[in-house]
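J.: Give me coordinates for this.
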Amino acid sequence: MPLFSHQQLRTLLTQHLVAVNTAPDIAQKVADNLVDASLKGHDSHGVTLLPRYIRAIVAGDLNPNAHLAQVRDAGPVISFDGGHGFGQLLGEQAMTAGIARAREFGVAMVGLSNSHHLGRIGAWAEQVADAGLVSIHFANVAAPSAVLPFAGLQARLGTNPFCVGVPLQGRPPVVLDFATSAIAGNKARVAWNEGRPVPEGCIVDANGQPTTDPAVLMTEPRGALLPFGGHKGAGLSLICSLLGAALTGGETESHNIPPRAGIINNMLSIIFDPERLGAGESYKQALLAQVDWVRAGQDGRDVQIPGEPELRAYARRVEEGIWIDEVSWQEFEVLSQ
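T.: Numbering: from 1, shown residues only. So this is what the prediction gives:
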């Protein structure tokens with residue numbers, strides 16, 4: 001598989017996006033977001049998505065130069081429509097607006113509907129944490145249902161991600177970011193590209209039988225992803241759709257959405273200033289003490305706090321480079337023809 005430096009990939013992705021009439025500043029922002037996702041170990045949300053993004057532009061499912069359109073302003077509550085623009089731009093703009101409102105009011109609720117793929121939701125939690133604020137994000141995937149409800153036979157849910165970011169004094173933030181399915185749909189795609197199975201307990205075939213072959217999600221008749229943690233993941237997936245889509249004016253899985261080239265997300269973000277909760281300066285030390293307590297007394301085991309695997313992967317891949325699987329690289333070569 002080809003190995004690239006992150007600088008090479010930032011240039012390559014930007015060039016491909018500009019070639020399909022994306023404004024250079026937006027192209028650079030998208031490229032940086034995808035490369036950073038790969039650097040942090042999330043290839044499913046990284047550079048291998050570029051060919052799919054370009055197919056979405058060609059198909060008219062992604063408007064490469066769309067900006068946020070404000071649809072509601074009620075002080076600490078603001079809502080935006082993304083017009084199917086790049087989520088890498090829209091997500092950053094929405095969080096910037098939410099940060100400003102949270103600093104003014106102490107709390108902000110930000111609705112974002114009809115965005116193209118928002119990428120790794122953890123990036124938006126990191127942006128907010130860098131501003132010293134806490135954030136909670138409920139997002140849905142407006143696509144044909146891919147996840148079974150608990151004890152169900154037919155897919156009715158999305159892979160709908162949930163994310164929380166908590167800043168720590170003098171340390172990187174705690175960033176909990178996961179799909180509510182057992183694995184993200186794009187992780188199954190990467191496994192299929194690389195010719196390897198997915199872990200047991202993640203997917204079923206079209207007959208509802210457990211399997212580890214990701215082909216059942218990529219070819220007809222299609223199988224389905226399972227929610228993580230049984231009823232817990234299924235319930236949280238539903239909540240992400242109710243809050244992230246139904247309340248923001250976005251599409252929910254109940255719309256019988258047809259297959260399309262683009263990936264459409266909707267998201268509700270709650271952002272608040274922890275200093276206004278009344279705990280005083282003591283909360284900063286309490287956060288650090290709790291994180292340290294989780295690690296304490298583990299007999300030298302490598303207990304990781306949410307967000308740390310990404311930091312470790314980033315340090316390693318900046319040094320070693322980023323691999324692109326052969327299937328994805330062939331798609332890149334087609335783009336260059």
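J.: now the strands: where do they sit in this structure?
T.: All strands of the chain, identified by DSSP state E, fall at 3-4, 69-74, 77-81, 107-116, 134-142, 161-168, 171-179, 203-204, 210-211, 224-225, 264-272, 322-323.
J.: So what are the sheet partners of the second one and their directions?
T.: Okay, so that is strand 69-74. strand 77-81 (antiparallel) (DSSP bridges).
J.: got the end-to-end distance for stretch 211-222?
T.: Separation of the first and last residues of stretch 211-222 by Cα to Cα, to the nearest Å is 12 Å.
J.: What lies in contact with that stretch?
T.: For stretch 211-222, the surrounding residues in contact (Cβ atoms under 8 Å, 6 or more residues apart in numbering) are 146, 185, 188-189, 191-192, 197-200, 202-206, 223-225. C-beta: built from backbone N, CA, C; applies to glycine.
J.: hang on, the earlier thing: so for P24, which of the strands of the chain sits nearest?
T.: strand 107-116 (18.2 Å; Cβ to Cβ).
J.: Tell me the strands beside the closest one, with direction?
T.: When DSSP bridges is applied, strand 107-116 pairs with strand 77-81 (parallel), strand 264-272 (antiparallel).
J.: Just the C-alpha atoms of that strand, please, in PDB.
T.: What follows is strand 107-116, C-alpha atoms only, in PDB (Å, rounded to 0.1, in the frame of the first residue of the first chain):
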ATOM      1  CA  VAL A 107     -24.500  28.200  27.300                       C
ATOM      2  CA  ALA A 108     -25.400  27.700  23.600                       C
ATOM      3  CA  MET A 109     -27.500  25.200  21.700                       C
ATOM      4  CA  VAL A 110     -26.500  25.000  18.000                       C
ATOM      5  CA  GLY A 111     -28.600  23.200  15.400                       C
ATOM      6  CA  LEU A 112     -27.000  22.300  12.100                       C
ATOM      7  CA  SER A 113     -29.100  20.600   9.400                       C
ATOM      8  CA  ASN A 114     -28.400  19.500   5.900                       C
ATOM      9  CA  SER A 115     -24.600  19.400   6.100                       C
ATOM     10  CA  HIS A 116     -22.500  17.100   3.900                       C
END
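J.: returning to that earlier point: next, format the strands of the chain as a markdown table and append distance to Q28, mean neighbour count and mean pLDDT.
T.: Shown next, in a markdown table, are these (distance: least, Cβ to Cβ, whole Å; neighbours: other Cβ atoms under 10 Å; pLDDT from 0 to 100):
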| stretch | distance to Q28 | mean neighbour count | mean pLDDT |
| --- | --- | --- | --- |
| strand 3-4 | 17 | 14 | 94 |
| strand 69-74 | 22 | 12 | 98 |
| strand 77-81 | 22 | 21 | 98 |
| strand 107-116 | 17 | 26 | 98 |
| strand 134-142 | 24 | 27 | 97 |
| strand 161-168 | 24 | 22 | 98 |
| strand 171-179 | 24 | 20 | 98 |
| strand 203-204 | 36 | 24 | 96 |
| strand 210-211 | 41 | 15 | 96 |
| strand 224-225 | 33 | 26 | 96 |
| strand 264-272 | 21 | 26 | 98 |
| strand 322-323 | 17 | 20 | 95 |
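J.: possible to save these as a markdown table with distance to P258?
T.: What follows is the strands of the chain, written out as a markdown table (distance: least, Cβ to Cβ, whole Å):
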| stretch | distance to P258 |
| --- | --- |
| strand 3-4 | 35 |
| strand 69-74 | 24 |
| strand 77-81 | 21 |
| strand 107-116 | 16 |
| strand 134-142 | 11 |
| strand 161-168 | 22 |
| strand 171-179 | 22 |
| strand 203-204 | 22 |
| strand 210-211 | 26 |
| strand 224-225 | 17 |
| strand 264-272 | 12 |
| strand 322-323 | 33 |
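J.: Identify whichever of these lies nearest to I26.
T.: Per Cβ to Cβ, nearest to I26 of those: strand 107-116, 11.5 Å.
J.: And the closest one, how far out from the chain middle?
T.: 14 Å (Cα atoms, centre = their mean, to the nearest Å).
J.: again, but for stretch 287-303
T.: On Cα atoms, centre = their mean, the centre of stretch 287-303 falls 27 Å from the chain's centre.
J.: do stretch 156-164 as well
T.: 9 Å.
J.: Same check on stretch 165-184?
T.: Counting by Cα atoms, centre = their mean, stretch 165-184 comes out at 11 Å from the chain centroid.
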